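In: What follows is a protein structure lacking sequence information:
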């Protein structure tokens with residue numbers, strides 16, 4: 001057996017063993033493609049129109065209302081969109097919307113849409129199981145993910161021709177027309193989709209392994225000679241300002257400074273901490289999930305000056321690479337276009353599984369059924 005034939009059979013075996021799991025991961029990935037955009041669209045129903053004479057409440061009034069209704073440790077998100085409610089978060093999973101004109105709590109928002117995508121995400125990660133079943137599901141998914149990595153690498157090796165000629169590329173880079181049968185169609189689709197989706201699928205799988213395996217996560221930092229940081233730690237600077245509580249500028253004045261930092265801001269996050277002499281705002285000019293478009297702005301409440309900033313590029317190379325891995329998995333790092341490309345690659349993976357299993361069936365099982373059918377016909381003819 002030649003080495004290439006050995007790789008082919010290994011490729012086929014890995015595809016058969018992991019095909020169903022890879023199909024589930026790919027299909028749920030397609031469903032999750034525009035998660036944030038669809039949630040945002042669903043929450044348009046919660047946008048408010050002011051009554052005549054109503055004006056927006058100040059950040060100080062909103063913070064006071066939050067402390068009364070919710071308590072400490074909350075965070076406010078302001079959107080640069082007329083009528084948009086204020087988003088309040090506290091801890092993990094606690095979320096409310098607030099009317100920016102009255103301070104009235106409007107509930108958690110589009111719960112139906114968020115619950116659907118939350119369940120879909122859990123199914124994508126561990127089949128939405130709980131307890132010990134979750135650990136088992138994660139182990140199965142992790143193994144299938146690594147097998148898929150071998151599949152696409154070995155598939156490229158098998159795909160590469162011995163002699164580079166245009167007829168080969170025309171046959172394997174473009175969807176064929178008037179193909180003679182289903183087998184030829186599946187062969188054509190498998191090669192064409194495999195080639196064009198190779199790069200995004202490679203990043204999807206590699207980044208997925210970083211989430212699943214501690215050794216893969218550690219390897220990202222090791223490449224840059226760094227140690228993985230402790231969970232929840234930050235490399236952002238800290239600032240101290242001496243100012244009496246009665247001499248502090250208003251939260252609204254500090255918020256206005258953050259807004260003026262970048263006129264193209266889409267959202268600004270502000271912690272509800274009225275007694276803190278330094279407010280750390282997060283100014284986002286992207287979609288909300290692009291770390292490269294987020295900047296922490298530290299504003300002094302002594303004089304409304306900006307003490308400093310901390311952007312994505314100020315992180316260590318290891319932290320930047322790890323953050324990149326987090327958002328490249330969904331393509332969100334590159335915004336809507338990236339999401340679309342990576343979502344289409346996931347859709348292509350669904351067809352790769354289907355065509356791969358169909359070709360494997362014709363190669364492995366169909367001859368067996370034919371021989372059995374032929375033997376039965378022979379036995380029937382015997383007297």
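Out: Alright, I've got the coordinates. Computed from a predicted structure; not experimentally measured.

In: May I ask you to confirm that residue 11 belongs to a helix?
Out: Yes: checked against DSSP: H, G, I helix; E, B strand; the rest coil, residue 11 lies within a helix.

In: Which parts of this protein are helices?
Out: Using DSSP state H, the helices assigned to the chain run over residues 3-31, 35-42, 59-69, 111-126, 132-159, 166-173, 182-196, 198-212, 214-223, 251-261, 317-328, 335-360, 366-381.

In: now the ones you listed as TSV including mean pLDDT and distance to residue 302?
Out: Any C-beta I mention is one placed from the backbone N, CA and C, and that applies to glycine too. Output for those, formatted as TSV (pLDDT from 0 to 100; distance: least, Cβ to Cβ, whole Å):
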stretch	mean pLDDT	distance to residue 302
helix 3-31	94	49
helix 35-42	93	36
helix 59-69	95	16
helix 111-126	95	40
helix 132-159	93	49
helix 166-173	80	63
helix 182-196	93	57
helix 198-212	94	42
helix 214-223	93	38
helix 251-261	96	10
helix 317-328	93	31
helix 335-360	96	37
helix 366-381	68	79
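
In: Could you save these as JSON lines and add columns showing mean neighbour count and distance to residue 80?
Out: JSON lines is the format used below for the helices of the chain (neighbours: other Cβ atoms under 10 Å; distance: least, Cβ to Cβ, whole Å):
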{"stretch": "helix 3-31", "mean neighbour count": "17", "distance to residue 80": "29"}
{"stretch": "helix 35-42", "mean neighbour count": "16", "distance to residue 80": "13"}
{"stretch": "helix 59-69", "mean neighbour count": "18", "distance to residue 80": "14"}
{"stretch": "helix 111-126", "mean neighbour count": "15", "distance to residue 80": "22"}
{"stretch": "helix 132-159", "mean neighbour count": "17", "distance to residue 80": "38"}
{"stretch": "helix 166-173", "mean neighbour count": "12", "distance to residue 80": "44"}
{"stretch": "helix 182-196", "mean neighbour count": "18", "distance to residue 80": "37"}
{"stretch": "helix 198-212", "mean neighbour count": "19", "distance to residue 80": "30"}
{"stretch": "helix 214-223", "mean neighbour count": "14", "distance to residue 80": "33"}
{"stretch": "helix 251-261", "mean neighbour count": "19", "distance to residue 80": "8"}
{"stretch": "helix 317-328", "mean neighbour count": "18", "distance to residue 80": "22"}
{"stretch": "helix 335-360", "mean neighbour count": "19", "distance to residue 80": "17"}
{"stretch": "helix 366-381", "mean neighbour count": "9", "distance to residue 80": "60"}
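
In: can I get the ones you listed in CSV with distance to residue 240?
Out: What follows is those, written out as CSV (distance: least, Cβ to Cβ, whole Å):
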stretch, distance to residue 240
helix 3-31, 45
helix 35-42, 36
helix 59-69, 22
helix 111-126, 38
helix 132-159, 43
helix 166-173, 61
helix 182-196, 54
helix 198-212, 36
helix 214-223, 30
helix 251-261, 16
helix 317-328, 24
helix 335-360, 37
helix 366-381, 74
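
In: looking at those, which is closest to residue 236?
Out: helix 317-328 (10.7 Å; Cβ to Cβ).

In: Which of the helices of the chain sits closest to residue 48?
Out: By Cβ to Cβ (comparing all of these), the closest turns out to be helix 59-69, at 13.6 Å.

In: Which strands or helices does that closest one pack on?
Out: With contacts taken as 3 or more Cβ pairs under 8 Å, 6 or more residues apart in numbering; DSSP states H and E, helix 59-69 sits against strand 74-79, strand 94-98, helix 251-261.

In: sorry, back to before: wait, which of the helices of the chain is closest to residue 104?
Out: Within the helices of the chain, the stretch nearest residue 104 is helix 59-69; the backing value is 8.6 Å (Cβ to Cβ).

In: and the angle for the closest one with strand 94-98?
Out: 130 degrees (axes from the mean of the first three to the mean of the last three Cα atoms, to 10 degrees).

In: Pull the residues that contact helix 59-69.
Out: Contacts of helix 59-69 with the rest of the structure, by Cβ atoms under 8 Å, 6 or more residues apart in numbering, involve 57, 74, 76, 86, 88, 98, 100, 103, 105, 250-252, 254-255, 270, 272, 274.

In: hang on, the earlier thing: need the helices and strands packed on helix 59-69 in a markdown table (columns: distance to residue 17).
Out: A markdown table is the format used below for those (distance: least, Cβ to Cβ, whole Å):
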| stretch | distance to residue 17 |
| --- | --- |
| strand 74-79 | 44 |
| strand 94-98 | 40 |
| helix 251-261 | 52 |
